[in-house]
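K.L.:
coords please:
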Amino acid sequence: MAIAAILGSSPLALGQAQPLLAATSTISPIQDTAQTYIASGLEHLARQNYQAAVEDFTQALRLNPNDAETYNNRGAARYQLGDGEGAIADYSQALRLDPQLADAYYNRGIIRSDRGDYPGAIADYSQAIAINPQDIDAYNNRGIVKDALGDEAGAIEDYSLALRFDADLVEVYVNRGIARSQLGDYTAALADYNQAIQRDPQNALIYYNRAVVRDALEDYTGAIADYSQALHLDATLADAYNNRGLDYYQLGDLPKAIADYEQALHLQPDSPNPYYNRGLVYHDLGDYAQAIADYSQALRLEPTLAEAYGNRGVIRELLGDLPGAIEDFDRVIQLIPDDSLAYYNRGIARVQLQNYDQAIDDLTKAIALQPNDGDAYWQRGLVYQILGQSQAALADFQQAAQLFQQQQRKDAYQQALDFIQQLR
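P.N.:
The predicted model follows:
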């Protein structure tokens, strides 16, 4: 039975779909020699001697070229050898000989899914279900494909049908939990993971998945408990350390957050996320040198991590490295052209360099992207005041005051009123 990818910083899989063999009891009686090859081929399959199995099934088909189940079985062996084309050819030939051979539809669906032919896979799984309406594996796999196509509702329907036939399928609860999470139905997803854990309490990845849902529900304490249990069962889950570190950060326990990020980096030294996250902690602690080092390392590993450029730019601006800050904000804007905060921050840096016209351009762009940003109006008003454009400054201060009042920022509102009074 196949299992969909687990939610998290990186995909974690619980299982892999496997082709179904035709039952030995249903092999058609043929010549004794052909039966001998078939029996030998099935034994080789059971022992994972796939090349020998292919050779035996091929000999059997030379003697009886109309044996659909032997084509299906040879297809299963070819699949295990990585010969997808040969496997599909065998499954297709089996279906030409026996259009009611549900296993061949199911097996071909697996390969089509592996190759990204999701419509073809759905068609095959649907045919398998039409022949055998209680084919739990086909429902589960069709659900996975629907999920991959963004049809989470259809996937949930298939998973629910599978569970109607067998209410103890841990993998299906996990898959349905993933689909429900993707739809934002975290409460239902939590219920599915609870059912899965009840049936398989030693599975680290299910605790990990439930922790991700608890994070989405902002239950950071519960998420920490689940990540901790996942790590108790499997101490190699780097993402669990990283995510638990984020939860400790949310709860203000910065030393534990740093410790978890360091464990994550010990397991995955080439992962940018723990470096970036640890940089946030050092940033908050005022250790700007270490924060810059972590942001820079994250960017060496992932040069498109816009957040790291933005945060490093803020620190460089604080430290007086205005050209370096502007360079970082430039990079953010290249990566995310509609990032209003990057324009705002670059505008402030340009004010300090007395590049007032460019600063006004940046602050104007920030306002266009975020019209409720009172700070952008306030800062642009200050620039206009420096340039002696009193009416433009007054208009910006008035707009800023209105926004500050709406946002209940009393100190900023009073300061804006004071400036307005001075200009009148």
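
K.L.:
Low-confidence ranges, this structure, go.
P.N.:
1-32 (pLDDT under 70).

K.L.:
Mind jotting down where the helices sit in the stretch 1-150 of the chain?
P.N.:
For the stretch 1-150 of the chain, the helices defined by DSSP state H, counting those that start in this stretch occupy 32-46, 50-63, 68-80, 84-97, 102-114, 118-131, 136-148.

K.L.:
Those: which one's closest to Asp330?
P.N.:
helix 136-148 (37.0 Å; Cβ to Cβ). C-beta: built from backbone N, CA, C; applies to glycine.

K.L.:
For the closest one, list the C-alpha coordinates in PDB.
P.N.:
Only the C-alpha atoms of helix 136-148 are listed here, as PDB (Å, rounded to 0.1, in the frame of the first residue of the first chain):
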ATOM      1  CA  ILE A 136      -8.500  -0.900  -0.700                       C
ATOM      2  CA  ASP A 137      -5.100  -0.400  -2.200                       C
ATOM      3  CA  ALA A 138      -6.600   1.000  -5.400                       C
ATOM      4  CA  TYR A 139      -8.700   3.500  -3.400                       C
ATOM      5  CA  ASN A 140      -5.600   4.500  -1.400                       C
ATOM      6  CA  ASN A 141      -3.400   4.900  -4.400                       C
ATOM      7  CA  ARG A 142      -6.000   6.800  -6.400                       C
ATOM      8  CA  GLY A 143      -6.400   9.100  -3.400                       C
ATOM      9  CA  ILE A 144      -2.600   9.800  -3.400                       C
ATOM     10  CA  VAL A 145      -2.700  10.700  -7.100                       C
ATOM     11  CA  LYS A 146      -5.700  12.900  -6.700                       C
ATOM     12  CA  ASP A 147      -3.900  14.700  -3.900                       C
ATOM     13  CA  ALA A 148      -0.900  15.200  -6.200                       C
END
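
K.L.:
in it, what counts as buried?
P.N.:
136-147 (16 or more other Cβ atoms under 10 Å).

K.L.:
Of the residues you listed, which is the nearest to Asn372?
P.N.:
Asp147 (36.8 Å).

K.L.:
which one is that closest one nearest to, not counting chain neighbours?
P.N.:
Ala155 (4.0 Å; Cβ to Cβ, 6 or more residues apart in numbering).

K.L.:
Does the one you found belong to a helix, a strand or coil?
P.N.:
With DSSP: H, G, I helix; E, B strand; the rest coil as the basis, the three-state label of Ala155 is helix.

K.L.:
gap between the nearest residue in space to His44 that is not next to it in sequence and Thr187?
P.N.:
Excluding its sequence neighbours, the residue lying closest to His44 (Cβ to Cβ, 6+ apart) is Ala53, at 3.8 Å. From Ala53 across to Thr187, the span is 48 Å (Cβ to Cβ, to the nearest Å).

K.L.:
Equivalent analysis for Val281, please.
P.N.:
Noted for Val281: a distance of 31 Å to Thr187, by Cβ to Cβ.

K.L.:
Show me which of the two is the more surrounded one.
P.N.:
Neighbours per residue (other Cβ atoms under 10 Å) separate Val281 from Thr187, with Val281 holding more: 20 against 10.

K.L.:
Just give the number of residues close to the residue nearest to His44.
P.N.:
That count, for Ala53 with other Cβ under 10 Å as the rule, works out to 25.

K.L.:
Could you pull up the contacting residues of the closest residue to Asp362 other than its chain neighbours?
P.N.:
Leaving aside its chain neighbours, Asp362 sits nearest to Gly347 (3.3 Å; criterion: Cβ to Cβ, 6+ apart). Shown in contact with Gly347 (Cβ atoms under 8 Å, 6 or more residues apart in numbering): 358-363, 366, 376, 379-380.

K.L.:
quick one: buried residues of the helix or strand hosting Gly347?
P.N.:
Using DSSP states H and E, Gly347 maps to helix 340-352. Using 16+ other Cβ under 10 Å as the test for burial, helix 340-352 gives 340-351.

K.L.:
could the residues you listed go into CSV alongside distance to Asn175?
P.N.:
CSV is the format used below for the buried residues of helix 340-352 (distance: Cβ to Cβ, whole Å):
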residue, distance to Asn175
Ser340, 39
Leu341, 38
Ala342, 39
Tyr343, 42
Tyr344, 43
Asn345, 43
Arg346, 45
Gly347, 48
Ile348, 48
Ala349, 48
Arg350, 51
Val351, 53
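
K.L.:
any idea how far Tyr343 is from the residue nearest to Gln407 when sequence neighbours are not counted?
P.N.:
Nearest residue to Gln407, sequence neighbours excluded (Cβ to Cβ, 6+ apart): Gly374, at 6.7 Å. From Gly374 across to Tyr343, the span is 15 Å (Cβ to Cβ).

K.L.:
Can you show me the strands along the stretch 301-424 of the chain?
P.N.:
Counting by DSSP state E, counting those that start in this stretch, no segments of the stretch 301-424 of the chain form strands.

K.L.:
Other residues contacting stretch 331-342?
P.N.:
Applying Cβ under 8 Å, 6+ apart, the set of residues contacting stretch 331-342 from outside is 304, 306, 309-310, 313, 329, 343, 346, 365-366, 369-370, 373, 376.

K.L.:
before we move on, back to that, Gly310 versus the residue nearest to Gln407, what's the distance?
P.N.:
Between Gly374 and Gly310 the distance is 20 Å, computed by Cβ to Cβ.

K.L.:
same check, this time on Ser126
P.N.:
Ser126 sits 47 Å away from Gly310, going by Cβ to Cβ.

K.L.:
Over to Ala89?
P.N.:
Remark: distance between Ala89 and Gly310 (Cβ to Cβ) = 53 Å.
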